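Student: pasting the sequence and the predicted coordinates here, then a few questions.
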Amino acid sequence: MSGCHEEYVRISDDKKTACLMVHGITGSPRYFDNIIPHLPKEWSIYNILLDGHGKKVCDFSKTSMKKWKAQVDMMLEMLSDEYEEIVIFAHSMGTLLCMDTGERYMDRIKYMVLFAVPLCPRLKFKAMYTSLKVILKMVDEENEFETNAGEQYSIEPDWRLWRYVGFAPRYIELLALCRSVRAKVCDVMIPSSVFMCGKDEMVGRKSWDYLVENPCFAVYCLDKSSHIQFDEDDFNYALAEIKNRITKKS
């Protein structure tokens, strides 16, 4: 679908529905590769690559949350002008960007699918250890979790660890966005299917408490999935729920 950490765009002649997809921090449009083939053919799809991603460590260090917000806002404004309705698919930080920016386009956003919403981040040792192995190019090719993490990580690995100091401001900005969206999560009046992961190594269970308070959110648990890796049964379950919701709205 998206190739090697590149954006993927599929434009349909039907101007009714556009699907915007937004990945997470240091992530990739590739997160949605297995979902896209199951979406209606008449939908236009805009699976974007956030600024500073898909490049080198120095490029990610030079970007900012401000640029990411502006990028999502620009896409939503453009799609609002060209299509009757917008459907959003987002993962991790992408869910926060869409909830934060999407309130200004609530009249056009008909439905959101949100995966692993990090309202309350909680980084476990497994996540830190795997991230270190990815950036040092020490991934165990026989370890499915590690190989999947390596495939989803869109920043070119660099063993010169001092270069990653520039990542700190991005994660500080992310924590600020988590707090901001957490405070207004119940104000997001967009019908949404929210899929949280039972084995999430980056998102705390307290995130669920905030999400279930919003009556517009149908919150589901993918018991055997991690933050970036779907269990096959969980994926099929989520896909069935998404297809059912899409069918109801069409």
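Tutor: Ah, there it is.
Student: when you work out contacts or count neighbours from here on, use the C-alpha atoms and nothing else.
Tutor: Fine.
Student: beta partners of the most centrally placed residue in the chain?
Tutor: Centrality entry for the chain: nearest residue to the mean C-alpha point is His91, 1.8 Å, by C-alpha atoms, centre = their mean. Applying DSSP bridges to His91 gives these bridge partners: Phe115.
Student: which element is Val87 on?
Tutor: strand 85-91 (DSSP states H and E).
Student: in the chain, which spans are helices?
Tutor: Under the criterion DSSP state H, the chain contains helices at 57-62, 65-82, 93-102, 125-135, 144-152, 168-183, 206-211, 232-249.
Student: a markdown table for the ones you listed, including distance to Ser193?
Tutor: Shown next, in a markdown table, are the helices of the chain (distance: least, C-alpha to C-alpha, whole Å):
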| stretch | distance to Ser193 |
| --- | --- |
| helix 57-62 | 30 |
| helix 65-82 | 19 |
| helix 93-102 | 11 |
| helix 125-135 | 25 |
| helix 144-152 | 23 |
| helix 168-183 | 17 |
| helix 206-211 | 11 |
| helix 232-249 | 7 |
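Student: quickly compare those helices and say which is most buried.
Tutor: Across those, averaging neighbours per residue (mean count of other C-alpha atoms under 10 Å) puts helix 93-102 on top, at a mean of 24.
Student: what angle do strand 85-91 and it make with each other?
Tutor: Orientation of helix 93-102 against strand 85-91 (axes from the mean of the first three to the mean of the last three C-alpha atoms, to 10 degrees) gives an angle of 140 degrees.
Student: quick one: contacts of helix 93-102?
Tutor: 22-25, 68-69, 72-73, 76, 88-90, 109, 114-115, 117-119, 174, 177-178, 181, 185, 188 (C-alpha atoms under 8 Å, 6 or more residues apart in numbering).
Student: could you rerun that using 7 Å?
Tutor: Val22, His23, Gly24, Ile25, Lys69, Asp73, Leu114, Val117, Pro118, Cys178, Val181, Val188 (C-alpha atoms under 7 Å, 6 or more residues apart in numbering).
Student: Arg245: which of those is nearest?
Tutor: Among these, Leu114 lies closest to Arg245 (C-alpha to C-alpha), at 13.3 Å.
Student: reformat the helices of the chain as CSV; add distance to Leu50 and mean pLDDT.
Tutor: Below are the helices of the chain laid out as CSV (distance: least, C-alpha to C-alpha, whole Å; pLDDT from 0 to 100):
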stretch, distance to Leu50, mean pLDDT
helix 57-62, 10, 96
helix 65-82, 6, 97
helix 93-102, 9, 95
helix 125-135, 19, 88
helix 144-152, 14, 89
helix 168-183, 13, 97
helix 206-211, 24, 96
helix 232-249, 24, 91
